[in-house]
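Engineer: Below are the sequence and a predicted model; questions follow.
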Amino acid sequence: MNTTLKFGLSLFAGALVFSACNGLAKMVKRQSEFSYTVNPNPLEMHGDSVQFSFSGKFAEKLFAKKVTLVATPVIVYAGGKEKALRPITLIGEKGVGNGQKIGYATGGAFSYSSERFAFEPIMRNAKLEVRVTGSASSKTATFEPRSIAQGIMATSLLLKHDEQMVFGNAQLDSETSQTLPDQPLAIKTHIYFDLNQSSVKSSELSSKEMKDFADFLKKLPNNARFESVKISAYASPDGETEKNTDLAKDRAQASVTAMIALFKKQTGKTLTTGKQASDYQTQETLEDWEGFKSLMEQSKMADRDLILRVLTLYKDPNQRRSEIMNLSETYTELKQDILPRLRRSEITLNGKIPAKSRTEIQASILTNPDSLSADELILGGGLESDLQARIRLFQKGEIRFPKDWRMANNLGCMLLLNNQLSEAEGAFKRALSIDPNQPAVLNNLGLCAAKQDRWPEAMDFYKRSGSPESNYNQSIYAIRLGLYSEALQGMGEKPSYNKALAQLLNGNASDAATLLNTLGETPNASIDYLKAIAQMRLSNTNGAMDLLKSATSKDPRLKAYAKDDVEFLKVRDDANFKSLTQ
C-alpha cells in the first residue's frame, strides 16, 4: 500500500530568518514541492519487527548547491514515546561531506531503507515522522516535523495459538467405525511326559506354565467365546517307532482328560467350551523329528551342527532313533534338555472376547476400571467429560500398561489441558522412552517446547515427527516469523481460522473470505473480526462494518482494539465506525 505524500515543510518557530539570496531559505520557501513515497504505508510488522523504505524526488532548481539536509525518521507512539531511526543525509552538488548527492539544475531522487526495529503492541497506532534539519555554511534551520505514514499494521497478532496435540487412539474396528474390534484370545500351554509314558504327572499340573494357564482361564470374562481347543501330541524320535503311534494318541487323550478337569475347575458356568471331549481337536505326531531339529538349532551345544549332519544321513526312523540314543549317552544336554521337551502335548486355545459397547465401557470406568483392556481404557477416556477424572484414568492406565506409549502420551495431553506443562512434558518423555520414533509423542514434545519459547527444539521435534499435526504446528511458527506463504504450505486442506489469517497476510483476501465463510456461523468473535478485515481489504466497507458490529457485540473488548487497528484506517472518521468502537 504505497502512498505518495506531499512533504510540505514550514519553518519551525524560532528558526533563523534568511536573506532572499540564501539557498537554504529558498528551499524553505519551496518546501511544498518535496514529495515522498513510503513503502509499505501503513508500515507492517513481520515476525516481531518492522522495516520500511521511502524514496523522494526534488524538482529542477530546488535543491540548493551548498545545502545539506539531515532527515531522521521517528516512530511516535502511545504515551508520547518515540523511537528515532538512522538518519539520511542529502547534500547539494557543491556540498561538503558524505551523503546522497542531489543536483541543482537537474533535480534528483534519493532512497532510504530503515533498519529493522522491534515491534511493541502499543505501536499499532504509531505514526512515522520525518524530522529535518538543514545547514548551509554557518547557517542552520530546523523544519517542522511532518507525518508521512500512519500506523503499523500488526494483523499477525490475531494469530490463535491452537497448536495441535496428538492423542494415542484406540484401535477401532475400522476407519469408519467408532467401536472396538473383538479382542482375540490365543494362548498355548504344554504338558510334558516321561519317556514312553502317557500319563499326566501331578507335577505337570502344578508347573508354573500350567498355573499361568489356569489363572488365564479363571480371569476370562463370562462372554468369552472359543473357536477351537486344539491338542497336538508328540512322541520324541528316540522312542520305539512301533510304540510311538499309540503313545502319541494316548498322550492326546490324557491331555484332553486333564484339560476337561481344569476347565471345569477354573471357568464359570457360562463358559461351556472345554468341558467335554467333543470340544477338542486332536492331532498326533509319531516322532517329532522337525521339533528335534528346531531345538538343536536353537541350542548352544558345541557340536550341534555335527550332530544334525550325522542324523540327516539316516532316513530310516529306527536307525536314526538308535543313533540318537547313542549320542544322548555322550551328550548330556541332548539327553536332559532336548529330548524331554519333545515328549509333550501342546494345548492351543483360539477365540475372542466380544467388544464392549460404549455404554458398557462407561459403566466399567465407574465400577471396575481394572477390567478394561488398553483400547477400552483409551476409548473410555474419550467418553469421560471430567478432566480430572481423565487424568486419574490415564495415571492408572500407565501403571497397568507400562509398555503402551499411548497411556503416558494421553496422560500428558490431559495434563496440558489442565495447564500442568512441566508434568505433561515429563509424561511425554516417558512415552518417548517406550517408542523413540512415535510421531504423536514427538509432536507433543515439540508443542511443550514451543509453549516455553524453546523454538529451535520445538522445530526439531516437529520435523522428526512429520505428522500432519506437526506440519500445522510448524505453520503457526511460520506465521509468527512473517513467512506466510511457507505457513500455508503446511496447513493442509482443512479450513481453519489460522489458515484464513495466513491467506490474508499473504495478500489473498478473497481466498481468506471464502475460507472463513466455510466455518459457518459461530459464537467466535475472532472469526467475525477477521472476516471484517478481509472485507475491508476487498473494499466492501458496508460488509466490513456489519461484521465488525457482530464481532464487537460478541466480545466488547474488540472495540478498543479495532479503534487502533490500521486495517480500519480508511473508515476512522466514519460515523458508523466511531459508534462501533466507542
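Structural biologist: Here it is on my side, so go on.
Engineer: Could you identify the longest helix within the protein?
Structural biologist: The longest helix of the chain (DSSP state H) is helix 241-266.
Engineer: Let me know the next secondary structure element after that one.
Structural biologist: From helix 241-266 onward toward the C-terminus, using DSSP states H and E, the following helix or strand is strand 280-285.
Engineer: buried stuff in the longest helix of the chain?
Structural biologist: Buried residues in helix 241-266, counted by 16 or more other C-beta atoms under 10 Å: 244, 247-256, 258-260, 262-263, 266. For the C-beta atoms, the positions are set from N, CA and C on the backbone; glycine is no exception.
Engineer: which helices and strands does that helix pack with?
Structural biologist: For helix 241-266, the packing partners by 3 or more C-beta pairs under 8 Å, 6 or more residues apart in numbering; DSSP states H and E come out as strand 183-192, helix 208-218, strand 225-234, strand 280-285, helix 317-330, strand 344-353.
Engineer: try 7 Å
Structural biologist: Applying 3 or more C-beta pairs under 7 Å, 6 or more residues apart in numbering; DSSP states H and E, we find helix 241-266 packed against helix 208-218, strand 225-234, strand 280-285, helix 317-330, strand 344-353.
Engineer: Now it: average pLDDT?
Structural biologist: The average pLDDT for helix 241-266 rounds to 90.
Engineer: Next, the angle from it to helix 317-330.
Structural biologist: 70 degrees (axes from the mean of the first three to the mean of the last three C-alpha atoms, to 10 degrees).
Engineer: Strand 344-353 and helix 241-266, what's the angle between them?
Structural biologist: Orientation check (the same axes, to 10 degrees): helix 241-266 against strand 344-353 gives 40 degrees.
Engineer: so how far is helix 241-266 off the chain centroid?
Structural biologist: Relative to its chain's centre, helix 241-266 lies at 56 Å (C-alpha atoms, centre = their mean, to the nearest Å).
Engineer: Begin at 57, not 1, for the rest of this chat.
Structural biologist: Taking 57 as the first residue, the last one we looked at is helix 297-322.
Engineer: In a markdown table, list the helices and strands packed on helix 297-322 along with mean pLDDT, mean neighbour count and distance to Leu251.
Structural biologist: Converted to a markdown table, those look like this (pLDDT from 0 to 100; neighbours: other C-beta atoms under 10 Å; distance: least, C-beta to C-beta, whole Å):
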| stretch | mean pLDDT | mean neighbour count | distance to Leu251 |
| --- | --- | --- | --- |
| helix 264-274 | 93 | 14 | 20 |
| strand 281-290 | 90 | 18 | 13 |
| strand 336-341 | 92 | 17 | 16 |
| helix 373-386 | 80 | 15 | 10 |
| strand 400-409 | 92 | 19 | 12 |
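Engineer: wait, which of those is closest to Met221?
Structural biologist: For the helices and strands packed on helix 297-322, distance to Met221 was read as C-beta to C-beta. The smallest value, 31.0 Å, belongs to strand 400-409.
Engineer: The closest one: what's the following helix or strand?
Structural biologist: Trace forward from strand 400-409 with DSSP H and E and the next one is helix 414-423.
Engineer: list the buried ones in that next one?
Structural biologist: Residues of helix 414-423 classed as buried by neighbour count (16+ other C-beta under 10 Å): Arg414, Ile417, Ser420, Ile421.
Engineer: which non-adjacent residue is nearest the second one?
Structural biologist: With C-beta to C-beta, 6 or more residues apart in numbering as the measure, Gly436 is the residue that lies nearest to Ile417, at 4.5 Å, once sequence neighbours are left out.
Engineer: Make sure the one you found is actually in contact with Ile421.
Structural biologist: Yes: judged on C-beta atoms under 7 Å, Gly436 makes contact with Ile421 at a distance of 4.8 Å.
Engineer: shared neighbours of those two, which are they?
Structural biologist: Taking C-beta atoms under 7 Å, 6 or more residues apart in numbering as the contact rule, Gly436 and Ile421 both touch Leu449.
Engineer: thinking again about what came up before, could you dump the buried residues of helix 414-423 into JSON lines with distance to Asn580 added?
Structural biologist: Below are these laid out as JSON lines (distance: C-beta to C-beta, whole Å):
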{"residue": "Arg414", "distance to Asn580": "30"}
{"residue": "Ile417", "distance to Asn580": "33"}
{"residue": "Ser420", "distance to Asn580": "37"}
{"residue": "Ile421", "distance to Asn580": "32"}
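Engineer: Among those, which one sits closest to Leu604?
Structural biologist: Distances from Leu604 to the buried residues of helix 414-423, taken as C-beta to C-beta, are shortest for Arg414 (43.8 Å).
Engineer: Identify the residues contacting that closest one.
Structural biologist: By C-beta under 7 Å, 6+ apart, the contact set of Arg414 is Leu439.
Engineer: do Asn554 as well
Structural biologist: Asn554 makes contacts with Leu215, Lys216, Asp218, Ile532, Ile535, as judged by C-beta under 7 Å, 6+ apart.
Engineer: With respect to per-residue confidence, which of the residues you listed is lowest?
Structural biologist: For the contacts of Asn554, the least confident entry is Asp218, with 89.
Engineer: Quick check on it: phi, psi?
Structural biologist: Dihedral pair for Asp218: phi -100, psi 40, per degrees, to the nearest 10.
Engineer: Would you mind measuring from it to Ala483?
Structural biologist: As judged by C-beta to C-beta, to the nearest Å, Asp218 and Ala483 stand 21 Å apart.
Engineer: try Leu367
Structural biologist: Leu367 is 55 Å from Ala483, by C-beta to C-beta.
Engineer: ok, those two, which is more surrounded?
Structural biologist: Set Leu367 next to Ala483 and count neighbours by other C-beta atoms under 10 Å: Ala483 wins out with 26 against 19.
Engineer: Regarding the more buried one, what is its secondary structure?
Structural biologist: Three-state call for Ala483 (DSSP: H, G, I helix; E, B strand; the rest coil): helix.
Engineer: from memory it sits against Ala464, does it?
Structural biologist: Yes: between Ala483 and Ala464 there is a contact under C-beta under 7 Å: 4.9 Å.
Engineer: can you pull the contacts of the nearest residue to Val312 once chain neighbours are set aside?
Structural biologist: Leaving aside its sequence neighbours, Val312 sits nearest to Tyr336 (C-beta to C-beta, 6+ apart; 4.9 Å). For Tyr336, the contact set (C-beta under 7 Å, 6+ apart) comprises Val285, Ile287, Val312.
Engineer: and the first one, what is it in contact with?
Structural biologist: With contacts defined as C-beta under 7 Å, 6+ apart, Val285 is in contact with Thr329, Gly330, Asp335, Tyr336, Gln337, Leu405.
Engineer: at 6 Å what do you get?
Structural biologist: Listed by C-beta atoms under 6 Å, 6 or more residues apart in numbering, the contact partners of Val285 are Gly330, Asp335, Tyr336, Leu405.
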